[in-house]
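**Q** what would the 3D arrangement of this be:
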Amino acid sequence: MAMSVSSTAPAPRVGSLPSGPLDAITDVTGVAVGHCTLADGPVQTGATVLLPQPGDLFLHKLSAGADVINGFGKSAGLMQLQELGTLESAIALVGTVAVGTACNALVRDAMAHTPELARSLPTLNPLVLECNDGWLHDTRTFALTEAHVMEALAGARRPEAHGAAVVQGSVSIDGETFRLDMAVVDTQSRRSVWRRSYTAISNIMKTKHDAAKNALNNVR
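**A** Next comes the predicted model:
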């Protein structure tokens, strides 16, 4: 088992929007990423955990949204996120059969930091996204445990937890600059396919941004 908090592979370039100095999601202040990789013969899986900001996310929620572009999955936590528009947990990225494991790990971690969670306070909405890594190894072994997810989470809390494959850029609205970042879970595509997919997503994001900007201008 090995822990890695950085990637040597360059992220694919997307569109014409400028990126940050590391071309990584961690260029956004406060964002951190941790990994736990299991690479032992027939076991080839792992977990990535993204922290959108330091501190207690349950007590200090972030505004958030989700948009599904012609897809589906076995994720957990998206329904509440879409309904309430808030993010209150770290984001875990795991293999499909490990979604429940990652949920339990995020809940246990939140309870350790917030003793009144699920008592005098509401329960946590853990956000876990997945990708089927069954072609890499035998998913029926359930190799990924809560401890592995906790290891990735601990890695994200280290000061040096920088670097992750993302689509990144920035846009300016009325003189104010906003960063756009998207983490990608993909174990089944070649890099050439990634570039085409990322470019398509980038174009969709730009179209949605332009439509929203025009709508705001019409309101004014």
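
**Q** after the strand or helix carrying Arg108, which helix or strand is next?
**A** Element membership for Arg108 (DSSP states H and E) is helix 99-113. Remark: after helix 99-113, the chain's next helix or strand is strand 127-131, criterion DSSP H and E.

**Q** and the strands in the chain?
**A** With strands called from DSSP state E, the chain shows them at 32-40, 43-51, 62-63, 86-87, 91-95, 127-131, 166-173, 176-183.

**Q** mean pLDDT lowest for which of those?
**A** With a mean of 55, strand 166-173 has the lowest mean pLDDT of these.

**Q** number of nearby residues for Leu144?
**A** Neighbour count for Leu144, taken as other CB atoms under 10 Å: 24. C-beta: built from backbone N, CA, C; applies to glycine.

**Q** isn't it up against Gly46?
**A** Yes - judged on CB atoms under 8 Å, Leu144 makes contact with Gly46 at a distance of 7.1 Å.

**Q** what's the helix holding Arg108 packed up against?
**A** strand 91-95, strand 127-131, helix 146-156 (3 or more CB pairs under 8 Å, 6 or more residues apart in numbering; DSSP states H and E).

**Q** got the angle for the last one vs helix 99-113?
**A** With axes from the mean of the first three to the mean of the last three CA atoms, to 10 degrees applied, the angle from helix 146-156 to helix 99-113 works out at 60 degrees.

**Q** again, but for the second one
**A** Here the directions of strand 127-131 and helix 99-113 differ by 150 degrees (the same axes, to 10 degrees).
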